[in-house]
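Chemist: Got a sequence here, can you build the structure:
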Amino acid sequence: MTHRHPLFARFYARTSLAMERGLATHRRTLLEGLSGRVIEVGAGNGLNFAHYPAAVTGILAVEPEPHLRSLAQANAKRAAAPVEVVDGVADRLPAEDASCDAAVASLVLCSVPDQATALAEMFRVVRPGGQLRFFEHVQAASPGRRRVQKALDATVYPFFGGGCHCARDTATAIERAGFTIDRIDRLGTAQTQVPFPAAPQILGVAVRP
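Modeler: Purely as a prediction, here's the structure:
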C-alpha cells in the first residue's frame, strides 16, 4: 500500500512547518470538541497530533508515504492523545465498519486518486451519528481562477505536488458520499497565508446520518 513521493515528501515536510504560522489555528478549530476513537486519513507528518483534545481516547493515523509516516511516528510520541501510525491508503482504510467516532481529512482529499472512493471509506468506518472533520483546499469561486486551477490539474500540478489537485469541489463530494454538512467555513489566503492556487480552503464538520 506504500505510495512513494520522496522528493515531494521532503519538500512538504520542510514547507509545512513554515506554513503552520497560518494553519495551526485552523488545525485547532478542526479538531476541537472531538472525543472517542478517531481515524485520521492521510496524516502526513503528523502536524495535527498536537491539537487533539484530551477527550480523544485513540487516533488511528493512516499515511502511505514512508518518509512522512516516519515523521508522523516521531510526532506521535509527543502527542497528548494516544496515536497509532499505520501504513494504508484512503480507498482501503484499515478499520472495521462503524468503528470510529470521527474521521479527520486534513489537506488530503486534494491528493487521493478518487474522492468518491475515499469518502465512501470514511463513511463506512464512521459510526452513525459520528463526524467527518475536514480542512481542505478547493476550487476557487471565480470562473477565471477555476480555469487556471483546472489547467494546472491537467498538466503540472499533480506531478510536482505528489498527486495534489487544486480544482476539486470537495464540499459537493462530501455530500454525495452521504454525509450531511453541519458547518462549513470558507477561508482565503488572508486567513491561512496559503496562496492561490492552493486557496481557498474549506473548514467544517459533516455528520454521518
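
Chemist: Could you count how many residues lie near residue 73?
Modeler: Look at residue 73: counted by other CB atoms under 10 Å, it has 18 neighbours. C-betas here are computed from N, CA, C, even on glycine.

Chemist: That one falls within a helix, correct?
Modeler: Yes. Under DSSP: H, G, I helix; E, B strand; the rest coil, residue 73 falls within a helix.

Chemist: I'd like to check which residues are in contact with it.
Modeler: Residues near residue 73 by CB atoms under 8 Å, 6 or more residues apart in numbering: 46, 85.

Chemist: mind redoing it with 7 Å?
Modeler: residue 85 (CB atoms under 7 Å, 6 or more residues apart in numbering).

Chemist: and the gap between it and residue 95?
Modeler: Taking CB to CB, to the nearest Å as the measure, residue 73 falls 18 Å from residue 95.

Chemist: and what of residue 138?
Modeler: In terms of CB to CB, residue 138 sits 26 Å off from residue 95.

Chemist: Between these two, which is the more surrounded one?
Modeler: Comparing residue 138 with residue 95 by other CB under 10 Å, the one with more neighbours is residue 138, at 25 against 20.

Chemist: need the contact list for the residue nearest to the more buried one when sequence neighbours are not counted.
Modeler: Excluding its sequence neighbours, the residue lying closest to residue 138 (CB to CB, 6 or more residues apart in numbering) is residue 170, at 4.9 Å. The contact partners of residue 170, taken as CB under 7 Å, 6+ apart, are 109, 115, 136, 138, 202.

Chemist: Cross-reference the residues you listed with the strands and report the matches.
Modeler: When DSSP state E defines the strands, the subset of those inside them is 136, 202.

Chemist: Looking at the contacts of residue 170, which is nearest residue 68?
Modeler: residue 109 (16.3 Å; CB to CB).
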